[in-house]
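Enquirer: Attaching a predicted model along with its sequence, questions to come.
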Amino acid sequence: MTNLKAQKRLAASVAGVGISRVKIVEDYIEDVQSSLTREEIRNLIKDGKIIILKKVGISGGRLKEKRKKRTLKSEGKKAGSRKGKKGARANSKQMWVKRIRKIRAYLKWLRDHKVIDRHTYRELYLKAKGGNYKGVSDVRNVLIQMGKLRGE
């Protein structure tokens, strides 16, 4: 195999690409070997005796798919993607407001439908305000234990 290092380097310089993108066609090795000037190399590239390969890139398909999924609410929010603590991601005050409103609405419904009397309602309401219950299901369990509701 003949040494075409200089010609490849010149072709890369003329085309403004890296040496790895310069390919010399096997049939024209003698022509390429005899040419030593930039002008001759430029002509060989124009004639197709020296080929400049296209740039090889990386596919953005996976990244595009990932970004698309991020826009959907359920995707990209699971354990491996989370950075902050629970309290940093979900405002604790907002969580409390949501929870207490549900509990209070449930207690009012029970009172209005005569499932519990107003004294029991008040007792449970104040306990909810004090943070005794984690949620509506917790209140239900307490009422079942008190005998005010039937367990299903």
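Expert: Yes, it's here. Numbering: from 1, shown residues only.
Enquirer: for the chain, what spans make up the strands?
Expert: 22-24, 50-52 (DSSP state E).
Enquirer: All the helices of this protein, residue numbers only.
Expert: 5-15, 29-34, 38-47, 61-71, 86-89, 92-112, 118-129, 136-146 (DSSP state H).
Enquirer: Would you reformat those as TSV and include mean neighbour count, mean pLDDT and distance to Lys78?
Expert: Placement of C-beta: from N, CA and C, glycine included. Output for these, formatted as TSV (neighbours: other Cβ atoms under 10 Å; pLDDT from 0 to 100; distance: least, Cβ to Cβ, whole Å):
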stretch	mean neighbour count	mean pLDDT	distance to Lys78
helix 5-15	17	93	47
helix 29-34	14	90	57
helix 38-47	15	93	52
helix 61-71	10	84	11
helix 86-89	10	84	12
helix 92-112	14	96	19
helix 118-129	14	97	31
helix 136-146	15	95	24
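Enquirer: Ok, which of the ones you listed comes nearest Leu53?
Expert: Checking these against Leu53 by Cβ to Cβ gives helix 5-15 as the closest, at 10.1 Å.
Enquirer: got the contact list for that closest one?
Expert: 18-19, 21-22, 24, 32-33, 35-36, 38, 41-42, 44-45, 50, 52 (Cβ atoms under 8 Å, 6 or more residues apart in numbering).
Enquirer: quick one: the closest residue to Lys102 other than its chain neighbours from Gln94, how far?
Expert: In this structure, Lys102 finds its nearest non-sequential neighbour in Val136, 5.4 Å apart by Cβ to Cβ, 6 or more residues apart in numbering. Val136 sits at a distance of 17 Å from Gln94 (criterion: Cβ to Cβ, to the nearest Å).
Enquirer: same thing with Lys69?
Expert: 25 Å.
Enquirer: before we move on, the earlier item: Ile103 is nearest to which of the strands of the chain?
Expert: The nearest among those, by Cβ to Cβ, is strand 50-52 at 71.8 Å.
Enquirer: neighbouring contacts of the closest one?
Expert: 7, 11, 15, 17, 21-25, 28, 32, 41, 44-45.
Enquirer: Dump the residues you listed to CSV, plus distance to Glu75.
Expert: Below are those laid out as CSV (distance: Cβ to Cβ, whole Å):
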residue, distance to Glu75
Gln7, 52
Ala11, 47
Ala15, 43
Val17, 39
Arg21, 38
Val22, 44
Lys23, 43
Ile24, 49
Val25, 49
Tyr28, 53
Val32, 53
Ile41, 52
Leu44, 52
Ile45, 48
